[in-house]
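Asks: Next come a sequence and a model predicted from it.
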Amino acid sequence: MGRQFFVGGNFKMNGSVDTIKSIVNNLNQAKVDPNVEVVIAPPALYLLLTREHLRPGLEVAAQNVFDKPNGAFTGEISASQLKESNITWTLTGHSERRVILKESDDFIASKTKTALDHGLGVIFCIGETLEQREANQTIEVVTNQLRAVAKQIQDWSKVVIAYEPVWAIGTGKVASTEQAQEVHAAIRAYLTKEVSQTASDNTRIIYGGSVSEKNCNELAKEKDIDGFLVGGASLKPAFVDIINAQSS
Ligand SMILES: O=C(CO)COP(=O)(O)O
């Protein structure tokens with residue numbers, strides 16, 4: 001069985017009650033390819049509103065989760081709280097949290113493990129900075145990020161890996177299809193070698209970084225690109241074109 005195409009929308013710290021309702025209404029009415037798994041990640045404050053209004057079949061993700069089950073952790077949200085609220089996915093390891101909030105590989109791995117232990121799906125983000133790419137460290141960086149998680153989890157069936165080169169995020173500078181495919185293939189090779197053939201065959205590896213309705217069709221043709229994690233464009237009606245990239 002092939003890997004199901006997966007498109008995530010990461011709203012980041014954008015939106016209001018009105019704009020999120022309008023994005024959700026647009027998605028509810030859109031002609032969405034039924035073979036694509038669609039997951040949107042609004043800011044935490046709007047998770048319940050989004051779940052309430054979004055039609056069944058489209059899923060909702062948190063942008064972040066904490067790695068402890070409960071307790072005195074001001075400002076954090078637990079995996080079980082998400083699960084109870086029908087929020088079935090979470091992001092972990094987004095570069096904005098790695099870079100701005102200084103989250104370490106091990107902390108991200110721990111969050112990923114906790115989320116999976118509570119039955120959530122995880123969109124686990126990895127990617128190199130421009131400096132690292134220019135120093136030819138891309139594969140080493142993503143491998144280290146993967147290894148931290150591989151040390152803590154065995155079952156990858158509910159993990160989607162999002163390769164998001166930091167230099168392509170929000171910059172309009174999308175990775176070329178060759179650049180993206182090269183890293184996706186290296187990620188898959190890592191899974192084959194260090195995890196299992198099953199994980200390598202079945203784990204979706206999606207691309208993020210300035211994905212738009214203009215570049216998504218070319219990227220979607222690459223054999224190891226199984227979908228997208230979309231930032232800015234997920235707030236716009238054109239998100240639907242990206243969701244349908246594989247079939248259009
Ligand atoms: O960070 C991203 C998704 O998580 C990508 O953001 P942009 O699509 O705005 O570049």
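Replies: Sure, I can see it. Treat the numbers as computed from the prediction; the structure is a model and nothing was measured.

Asks: now for the host helix or strand of Y207, which elements pack on it?
Replies: Y207 is part of strand 204-208, with elements assigned from DSSP states H and E. When contacts are defined as 3 or more CB pairs under 8 Å, 6 or more residues apart in numbering; DSSP states H and E, strand 204-208 packs onto strand 6-10, strand 159-163, helix 177-190, strand 227-230. Every residue, glycine included, has its C-beta placed from N, CA and C.

Asks: again, only this time at 10 Å
Replies: If you count contacts as 3 or more CB pairs under 10 Å, 6 or more residues apart in numbering; DSSP states H and E, strand 204-208 packs onto strand 6-10, strand 121-126, strand 159-163, helix 177-190, helix 216-220, strand 227-230.

Asks: quick one: average pLDDT of the third one?
Replies: Taken as a whole, strand 159-163 carries a mean pLDDT of 98.

Asks: Give me the angle between that strand and helix 177-190.
Replies: 140 degrees (axes from the mean of the first three to the mean of the last three CA atoms, to 10 degrees).

Asks: low-confidence ranges in the chain?
Replies: The model of the chain has pLDDT under 70 over residues 1.

Asks: Which positions in it make contact with the ligand?
Replies: 10, 94, 164, 169-170, 208-211, 229-233 (CB under 6 Å from any ligand atom).

Asks: got CSV for the helices and strands packed on strand 204-208, with mean neighbour count and distance to A72 too?
Replies: Output for the helices and strands packed on strand 204-208, formatted as CSV (neighbours: other CB atoms under 10 Å; distance: least, CB to CB, whole Å):
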stretch, mean neighbour count, distance to A72
strand 6-10, 25, 29
strand 121-126, 26, 25
strand 159-163, 25, 29
helix 177-190, 18, 37
helix 216-220, 19, 44
strand 227-230, 29, 32
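
Asks: Doesn't S234 lie inside a helix?
Replies: Yes. Under DSSP: H, G, I helix; E, B strand; the rest coil, S234 sits within a helix.

Asks: what residues are up against it?
Replies: 7-12, 14, 23, 27, 40-42, 211, 228, 242-243 (CB atoms under 10 Å, 6 or more residues apart in numbering).

Asks: Tell me the spacing between the residue of the chain positioned farthest from its centre and Q81.
Replies: Here the chain reaches farthest from its C-alpha mean at A72, the gap being 27.9 Å by CA atoms, centre = their mean. Per CB to CB, to the nearest Å, A72 is found 15 Å from Q81.

Asks: again, but for L45
Replies: For L45 relative to Q81 (CB to CB), the value is 14 Å.

Asks: go on, Q145?
Replies: In terms of CB to CB, Q145 sits 26 Å off from Q81.

Asks: Which one of the two is surrounded by more residues?
Replies: Between Q145 and Q81, Q145 has the larger neighbour count (other CB atoms under 10 Å), namely 23 against 17.

Asks: How about the more buried one, nearest residue that isn't a chain neighbour?
Replies: I126 (4.1 Å; CB to CB, 6 or more residues apart in numbering).

Asks: what pairs with that neighbour across the strands?
Replies: Y163 (DSSP bridges).

Asks: Next, the angle from the helix or strand harbouring D18 to strand 6-10.
Replies: Element membership of D18, judged by DSSP H and E, is helix 17-29. Interaxial angle, helix 17-29 versus strand 6-10 (the same axes, to 10 degrees): 170 degrees.
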